[in-house]
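Engineer: Below are the sequence and a predicted model for it; my questions follow.
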Amino acid sequence: MYNVKIYENISFLTEETTMILMPLNMIKEGMINAKPIYLSEDSILLDEGDVIRDRYLERITELGIRSIYVKDDSSYKKSIHDIIREELRNSSSLSMEKIMGNICYVDEEEVEMTRDIITNIIEYLLTNDDILVNLSEMKAMDDYAYEHSVNVSILSLIIAIKLGYDKEKLVDLGVGAMLHDIGKTKVDLGILNKPSSLTMSEYDQIKKHTLIGYEMLNDIKNISYDSKIIALSHHERYDGSGYPYNAKGEGIHELARVVAVADVYDALTNDRVYRSRISTDEAVDYIASVSGSQFDSNIADNFIENIARYPVGKGIILNTGFKGYVVFNKKNHVSRPIVRILYNNMGERVKIPYIIDLSETEDSIKVVGTTDDIELF
């Protein structure tokens with residue numbers, strides 16, 4: 001028999017309607033959108049509270065978004081927030097689009113633009129120091145390159161804040177992380193977007209983006225060496241198996257070691273032309289499996305301890321056979337979320353949904369899988 005406390009009311013679930021992350025093929029016309037979906041910095045396709053219509057779903061599909069948050073009206077309430085404000089994330093992505101769209105060179109003005117973006121992100125993160133990395137699977141923009149740059153910068157900064165970096169070091173890290181793939185602007189798009197396996201020659205061309213990026217940044221006066229070295233070394237690996245120089249261990253710049261973890265995690269959890277993304281918990285497992293070999297264990301372990309394995313709104317399956325979705329992630333319990341139960345172990349909808357806190361069940365009840373097979377009505 002499982003010992004579990006059922007909550008009818010939890011103090012931190014009081015502000016707004018619960019949201020569940022659902023794939024588009026399960027969204028029905030008439031559902032209520034729960035998070036803004038942006039077309040551009042100043043243009044919102046669907047705002048929070050808007051009724052979802054079929055014409056919106058068609059446009060969302062065109063944007064390449066596969067899952068969105070919808071409201072689950074009930075007595076259990078919790079607001080879902082992105083790591084940073086949606087407006088800040090989207091303005092950052094659009095700024096990166098302008099920078100990376102300039103394939104000729106990067107100038108001092110663009111570096112200052114990047115520094116301003118990073119300063120805003122750092123200030124937000126530092127004033128929200130209890131933030132857990134709750135990464136939603138919904139992207140507001142459909143260009144991977146720009147979104148990836150922003151995600152890697154945010155993830156790197158969160159790792160560094162937990163490691164105790166000072167403000168100046170955080171800015172250098174953030175700028176370098178934001179520009180870490182700038183060298184790819186001079187790599188053949190046919191190779192970058194090739195859906196099949198690369199030839200050895202093509203892979204060698206891809207690897208050159210680290211050297212190209214460093215060269216592009218090297219002559220710019222208002223960017224620090226620590227920021228530049230990230231572009232050069234973010235593909236080096238702790239065991240010496242990376243590129244371009246097969247550097248290893250402490251021979252790899254510390255900031256590049258931080259970005260390496262963030263870069264791989266975000267790449268794994270996003271669709272690429274040559275493979276589909278994996279779930280956040282699978283990506284965390286991968287990072288853990290190569291901690292100490294490919295990644296600096298201090299950095300990788302810090303990341304694992306501070307990232308929620310199951311994003312808020314994600315459908316989950318318990319070892320009891322019950323199913324529900326995550327409504328909250330607690331600090332120091334990133335693999336044992338608070339869950340709203342919707343289905344029993346017979347696959348039947350429970351009459352009255354209820355909430356359980358897995359951090360209070362020890363190991364008797366745990367998450368054993370994730371699912372998209374959850375319907376609200």
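Structural biologist: Okay, I see it. Numbering: from 1, shown residues only.
Engineer: The closest residue to Ala247 other than its chain neighbours in helix, strand or coil?
Structural biologist: Leaving aside its chain neighbours, Ala247 sits nearest to Glu236 (4.6 Å; criterion: C-beta to C-beta, 6 or more residues apart in numbering). To be clear about C-beta, it is placed using only N, CA and C from the backbone, and glycine gets the same treatment. Per DSSP: H, G, I helix; E, B strand; the rest coil, the local secondary structure of Glu236 is coil.
Engineer: Isn't Glu236 up against Tyr243?
Structural biologist: Yes: contact status for Glu236 versus Tyr243: in contact at 7.0 Å, counting by C-beta atoms under 8 Å.
Engineer: Among those two, which residue is more densely surrounded?
Structural biologist: Shown here are Glu236 and Tyr243; by other C-beta atoms under 10 Å, Glu236 has more neighbours (25 against 17).
Engineer: mind listing what the more buried one touches?
Structural biologist: 242-248, 252, 256, 260 (C-beta atoms under 8 Å, 6 or more residues apart in numbering).
Engineer: One more pass at 10 Å, please.
Structural biologist: By C-beta atoms under 10 Å, 6 or more residues apart in numbering, the contact set of Glu236 is 210, 242-249, 251-253, 256-257, 260, 294.
Engineer: name the helices or strands packed onto the helix or strand encompassing Glu168?
Structural biologist: Following DSSP states H and E, one finds Glu168 within helix 167-178. When contacts are defined as 3 or more C-beta pairs under 10 Å, 6 or more residues apart in numbering; DSSP states H and E, helix 167-178 sits against helix 86-101, helix 108-126, helix 144-163, helix 209-218, helix 225-233, helix 254-268.
Engineer: same thing but 8 Å
Structural biologist: Where contact means 3 or more C-beta pairs under 8 Å, 6 or more residues apart in numbering; DSSP states H and E, helix 167-178 is packed against helix 108-126, helix 144-163, helix 225-233, helix 254-268.
Engineer: any chance of those in a markdown table, plus mean pLDDT and distance to Asp219?
Structural biologist: Listed next are the helices and strands packed on helix 167-178 as a markdown table, based on pLDDT from 0 to 100; distance: least, C-beta to C-beta, whole Å:
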| stretch | mean pLDDT | distance to Asp219 |
| --- | --- | --- |
| helix 108-126 | 87 | 10 |
| helix 144-163 | 87 | 21 |
| helix 225-233 | 97 | 10 |
| helix 254-268 | 96 | 20 |
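Engineer: Kindly reformat those as TSV containing mean neighbour count and distance to Ser67.
Structural biologist: Below are the helices and strands packed on helix 167-178 laid out as TSV (neighbours: other C-beta atoms under 10 Å; distance: least, C-beta to C-beta, whole Å):
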stretch	mean neighbour count	distance to Ser67
helix 108-126	17	24
helix 144-163	23	15
helix 225-233	23	31
helix 254-268	24	17
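Engineer: Select, out of the ones you listed, the one closest to Thr185.
Structural biologist: Nearest of these to Thr185, taken as C-beta to C-beta: helix 144-163 at 8.7 Å.
Engineer: Can you tell me the strand partners of the helix or strand containing Ile352 and which way each runs?
Structural biologist: When secondary structure is defined using DSSP H and E, the element that contains Ile352 is strand 349-357. Here strand 349-357 is paired, per DSSP bridges, with strand 6-7 (antiparallel), strand 333-343 (antiparallel).
Engineer: Domains in this structure, by residue range?
Structural biologist: Domain assignment of the chain by automatic domain parsing yields the ranges 6-80+312-371, 86-305.
Engineer: mean pLDDT lowest for which of those?
Structural biologist: Lowest mean pLDDT within those: domain 6-80+312-371, at a mean of 80.
Engineer: now that domain: how far from the chain's centre is it?
Structural biologist: Relative to the centre of its chain, domain 6-80+312-371 is centred 17 Å away, using C-alpha atoms, centre = their mean, to the nearest Å.
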